Each structure stands twice: as structure tokens, then as C-alpha cells.
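Undergrad: Any chance you could fold what I've pasted below:
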Amino acid sequence: MKVGFLVLVLMLEPWRPQAWRALGAALLTRWRLFLSARMPWAGAVRWLGVVGVPLLLMTGIQSGLERLHLGAVVPLLVLALGIDLRGPLAHLRLRREQIRTHAESDPSVRAALDEGILSSYRHFFAPLFWFFLLPGGWGPLLYCGTVLLVEAEPEGLFYRRIQAWLDWIPTRLLALTFALVGDFEEALYAWRDPERLPLSSRELLRAVVHGALGLGQTNGENGPFDALEADQLTSAEGLIWRAVVLWGVGAGLATALLGGH
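TA: Model (predicted):
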């Protein structure tokens, strides 16, 4: 059933109103601000308030709707509000056109590429992974709520630890996916390059994407790629779409083999 939800959301995404893309984040932000004004305690207590309370409320609503045989509405709605693929892809296309108007080879392509890939992970792949792994619509709400707290209160060590835990598996799964649908040898080399270890989850994802696109190595943290052009952003967009297809097929096969919903 969840695979069907994903297909439906992706089919309807081009016609989804722009306001819907920000509605879920806006609701969570207002809830966080409401609690912050009344709950001075940060850390685990605030995380439970911002993330745990909506999870319990959502579970209660879904249980009530299941009596009317409408329980599937909740995870479908959460998925529609919790993932966004059009935004990251639009970002890559916009940055490509901006860079083309200035220079055909530009160091800013590297920043645009990294931002687009990480945005696709944060707004689509990570919430989708937890959507399939956890029951109902828990996954997107759990992940997006935690990310919202990290972005709003970056000094919160507890939030960052939770996000690091939530990122560990999906970043590596997505990195493996990019390697399979891209230049596998270069991606594997970037993954296992001893000179760049140890890497955080997101640093690993960026390195593997660079390898999967065949972009070679960087000259330091902020150095440009060799002959990196704006057209590489088109290749990144194709890489993301191939990863989406592979995840959809994999989720469908896993569901069929496990006999789940």
C-alpha cells in the first residue's frame, strides 16, 4: 500500500499547489514556537513535545479513521506533506541556468551540486526511508520534526545526536544507490578513500555522488572540480531520478516478498 502512496504522490506532485510544499513545515514550526514559549527546557523534553506529541495525535486520528475504513488517509497525507522532490530538482535547474549566464565552468557549480543533492536527501529520500520503515505516517513526521529542531536550535546536542542516528542508514543506502546508478568504480573509490576517512554521513554522501558523476577529486574543501561545468547539474538531476526509480522498485519488491502493506 505504501508503494502505491508513493506512486500517487509522485504522479500528482507536478500539480501540487506551491503552498502545500511548505504546509507541513509551517505547522511543525508553529507548534515548536508554541511549545518554546511555554516550555523552557530544551533537549529530550522539547524533542518529545515537538515530535512525540504530534506522533501520538496522528496515531489517535488514524485509529479513529480506521473504524470508518479511512485509516489510509493519514499516512497518505503525511507522505504528501513530508516529501518534496520537485523543490530540489527545481533548485538544480535554476542554478544551472544562473551559472550558464555567467560562465560555462564555474567553482560555484560545486556548491550548487552539493546543495541540490543534500536537499533531495533531506526533503525526499530520508523521510521516504523512514516512511517505509516505520508504521503509518510516523517516518516523515519523526525525521522532519527532528531536522526542524536541529535547524532552529543548532546548539542542541540531543537533537543533533538524534538526527545523526536517523541519518546513518538512509545516507549510506542512498550513497549505495547513487553508486549503482552512476559510475560505480569512482563512487566506491570515493567511499573507501583512506585519505578522506573518517567521514560524516553527509560528507560520505557528497563524496559518493561526486564519484558516481565521474567528477574526479576536489582540490581541498572548497576547491573546484576539474572541468566541472553547469551541465553536470543536469547529470545530477538524472542521477536523482534514477535513484528514485530504484528505490521505488526496491520498495515494491520488498513489500511483495514480505507480504506487507
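Undergrad: What score does residue 76 have for pLDDT?
TA: On pLDDT, residue 76 comes in at 93.
Undergrad: Check residue 146 too.
TA: 95.
Undergrad: who's in contact with it?
TA: 47, 51, 159, 162, 163, 166 (CB atoms under 8 Å, 6 or more residues apart in numbering). Placement of C-beta: from N, CA and C, glycine included.
Undergrad: Could you find the closest non-adjacent residue to the second one?
TA: On the basis of CB to CB, 6 or more residues apart in numbering, the spatially nearest residue to residue 51 that is not a chain neighbour turns out to be residue 145, at 3.9 Å.
Undergrad: give me the element the one you found is part of.
TA: helix 138-152 (DSSP states H and E).
Undergrad: Please tell me how far that helix is from the chain's geometric centre.
TA: 11 Å (CA atoms, centre = their mean, to the nearest Å).
Undergrad: try stretch 77-94
TA: 9 Å.
Undergrad: hang on, the earlier thing: keep only those of the contacts of residue 146 that are in helices.
TA: 47, 159, 162, 163, 166 (DSSP state H).
Undergrad: Of the residues you listed, which is the most crowded?
TA: residue 159 (26 neighbours; other CB atoms under 10 Å).
Undergrad: which ones are touching that residue?
TA: 47, 146, 149, 150, 153.
Undergrad: pretty sure residue 93 is touching residue 237, no?
TA: Yes - counting by CB atoms under 8 Å, residue 237 is a contact partner of residue 93 at 7.1 Å.
Undergrad: who has more neighbours, those two?
TA: residue 237 (19 against 14).
Undergrad: In this structure the more buried one contacts residue 89, no?
TA: Yes - Residue 237 is in contact with residue 89 according to CB under 8 Å; the separation is 5.7 Å.
Undergrad: tell me, what's touching these two both at once?
TA: Common neighbours of residue 237 and residue 89 (CB under 8 Å, 6+ apart) are residue 116.
Undergrad: Number of residues surrounding residue 233?
TA: Residue 233: 24 neighbours (other CB under 10 Å).
Undergrad: all helices for the chain, in order.
TA: Going by DSSP H, the chain shows helices at 2-12, 18-38, 44-47, 53-66, 73-82, 86-100, 108-120, 126-133, 138-152, 157-181, 184-192, 201-212, 232-258.
Undergrad: hmm, back to that, how much space separates the residue nearest to residue 51 from residue 137?
TA: Going from residue 145 to residue 137 by CB to CB, to the nearest Å gives 12 Å.
Undergrad: Kind regards, and thank you for your time.
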